[in-house]
Every structure is written in C-alpha cells, then in structure tokens.
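K.L.:
need a structure here:
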Amino acid sequence: MSGHSHPHKHKVEGKNLLFSIFLNILITTAQVVGGIISGSLALLSDALHNFSDVLSLVISYVAHKLSHRQATLKQTFGLKRAELIAAFVNALTLIVVAIILIYEATLRFFNPVTIAPSLVIWMSVLGIVANGLSVLLLKKDADHNLNMKSAYLHLLTDMLASVAVLVGGILMKYFHIYWVDNIMTLVIAVYLVVVGFDLLKKATFMLMLFTPEEIDIEEIIDEVHKISGCAHLHHIHVWHLNDDELHLEAHLDCSEDITLSQFNTLSHQIELVLYNKFGINHVNIQPGYKKEGPKDFIVQD
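P.N.:
As a prediction, the model looks like this:
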C-alpha cells in the first residue's frame, strides 16, 4: 500500500533564473573586455566565474523545466531528478573554476602584470550590482530547491568575488598594492571550493539514494512500532527523489491477520506519523503476517 502527502510548498519559478541569465551574460561580456584592457587577473577570474555562472544558470533553468514534465509509461517518475543532476554538475564547475583560479593566481605571483585599477573598480561595481540583484531574486527559491541553491551559490560567490575585486582595485589605485589582486583571487577560489564541495556532497547523497542526514531510521522504527497493529518494520529504504519528495518503502509484519480495509486504516496512521515527525511524504508499505524470510531493518534486495 502506498500513500502520498502533498502539503502546500513554496512554488519555485523559472522566470527569476531567466532574468539572472540575461544579467550574467551582460556582466561577463563587460568584465572580459575590462579585464583584458586593465590587465587584472581578479577581474578576468571574475569574468570566468561569471561565464561559468551563465552555463550553470542555463543548466539549472533547463533542468527546472524538465523536472516539471509529466510522468510517462517510460519515465514513471517523470524527470524530477534532473534538478539533482544540474546541482551536481554546477557544484563540480564551482570546484573546477576554483582550481583554475588558484593556478592562475599562483603564476601571477612569479610573473607580475601591470594593472589599471580604475577600470577594475568600475567593472567590479557593475558585478556587485548585477549579481546582487540576481541573488535577491533567487534567495527564496534557493531555500526550497537544491538546483536553485546551486544557481544561487554561483551568483552569491560572484557577488562576493566582485566585492573582493573592488577592495583590491581601491588598494591598487590609492596604495599601489598590486599583489592584492592575486590574494583576492586566491580568497575567492578557496571560498568556491568550500561551497562547491558542500553542494556536491548533498547532490551526490541524493543521487546515490542515501538516507538523508536528518533522518534516523532507528527512530522511525521506534515510532512505527508504537502504533497498535505494527509488529515489525523491516526492509527499509528512505531516500530523496528530489528536494520536495522524501520516500520510504518498507515491509511491515502486522501483529494480527487483518483485512485489507483494516490495513488501509493502519497504513494511514503510519503515513501521518512519518509525515508529521519526519517529513516523509511518499510511503510504500508491503504488509505481511508471519511471513518467512529475512527480517533485518536493512536488507540488500
């Protein structure tokens, strides 16, 4: 028997993502030109990151659209996991971009380049304003969706990178501290590695169908066993289909040889407990009574 709970949730829209893509194309173009003219690696690195943002935002947008396609006989879950794949890809790009920046910044320490700080300052201000607007647009969606969070993190790190570039530009212009451009690049890169790894870990765990970190299976077992009529829960699997759907499937030994209508009532009680206490909104229970076979909580099917 299976059951669904579909409470009202924040509806993630794609239009904010589309607007952010447009903004980032403008920023990237301006920063590439500005970086080449000024000679600033931090500005060019910011442009590179912005370009990766354009790609990641496009990936996020396409995945968002795909995830809303209807299920079919060939795709019984639809394409709901497309957003998890997008989040995984975007997390990888954050880390790859960071490694490139670290390499380039290290080279610049040994081969200094003359930089035009005024242009760096104005380009970084442009980046702060445009990315800041995109960050505000995606903030609410990011709290409810891993794919949107991956896009949001790309934009947030870009905004922080632009702030770092601005600080570097001011220090270069008024204090002639030119090596700060490289330092700021390294700081940006380290931050990218940290946030990228965290996102990559979450996306990987979901794609691999790991039990969510916030879920305690032993606690689930204890709560279900408290319900009258439940003798033994086993063969348990708990996983995220996507950000919105948390699934549980399990076998349940009933304490009595009950009818199907009685099991309907029992399964409804289980669904309420699992949703209210653990947020599990899709439950699939296979009932049994004195059935032979392995009865471990976790069984490799």
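
K.L.:
quick one: mean pLDDT for the top strand by length along the chain?
P.N.:
Ranked by residue count under DSSP state E, the longest strand found in the chain is strand 230-240. Across strand 230-240, pLDDT averages out at 96.

K.L.:
how far is it from where the chain is centred?
P.N.:
With Cα atoms, centre = their mean, to the nearest Å as the basis, strand 230-240 stands 27 Å off its chain's centre.

K.L.:
do you know how far residue 265 is from residue 271?
P.N.:
11 Å (Cβ to Cβ, to the nearest Å). All C-beta spots, glycine's among them, are computed from the backbone N, C-alpha and C.

K.L.:
which one's more surrounded, the two?
P.N.:
Applying other Cβ atoms under 10 Å to residue 265 and residue 271 shows that residue 271 carries more neighbours, namely 21 against 11.

K.L.:
what strand or helix carries that one?
P.N.:
Per DSSP states H and E, residue 271 falls inside helix 260-278.

K.L.:
how about whichever helix or strand comes after that helix: buried residues?
P.N.:
Moving toward the C-terminus from helix 260-278, the next helix or strand (DSSP H and E) is strand 282-288. Neighbour counts over strand 282-288 (16 or more other Cβ atoms under 10 Å) mark 282-283, 285, 288 as buried.

K.L.:
can you tell me the helix or strand for the spatially most distant residue from the centre of the chain?
P.N.:
What lies farthest from the middle of the chain is residue 257; by Cα atoms, centre = their mean that is 45.0 Å. Residue 257 belongs to no helix or strand when elements are defined using DSSP H and E.

K.L.:
this structure: strands as residue ranges?
P.N.:
With DSSP E as the criterion, the chain has strands at 2-4, 230-240, 246-254, 282-288.

K.L.:
by contact count, what packs against the second one?
P.N.:
It stands for strand 230-240. helix 217-225, strand 246-254 (3 or more Cβ pairs under 8 Å, 6 or more residues apart in numbering; DSSP states H and E).

K.L.:
excluding its backbone neighbours, what's nearest residue 209?
P.N.:
Counting by Cβ to Cβ, 6 or more residues apart in numbering, residue 239 is the residue found nearest to residue 209 once chain neighbours are left out, at 4.1 Å.

K.L.:
is that neighbour in a bridge, and if so with what?
P.N.:
Beta-bridge partners recorded for residue 239 (DSSP bridges): residue 247.

K.L.:
domains for this protein, by residue range?
P.N.:
In the assignment given by automatic domain parsing, the structural domains of the chain cover 2-207, 217-288.

K.L.:
which stretch among those domains is buried most, on average?
P.N.:
A comparison of the domains of the chain by mean neighbour count, using mean count of other Cβ atoms under 10 Å, puts domain 2-207 on top with a mean of 19.
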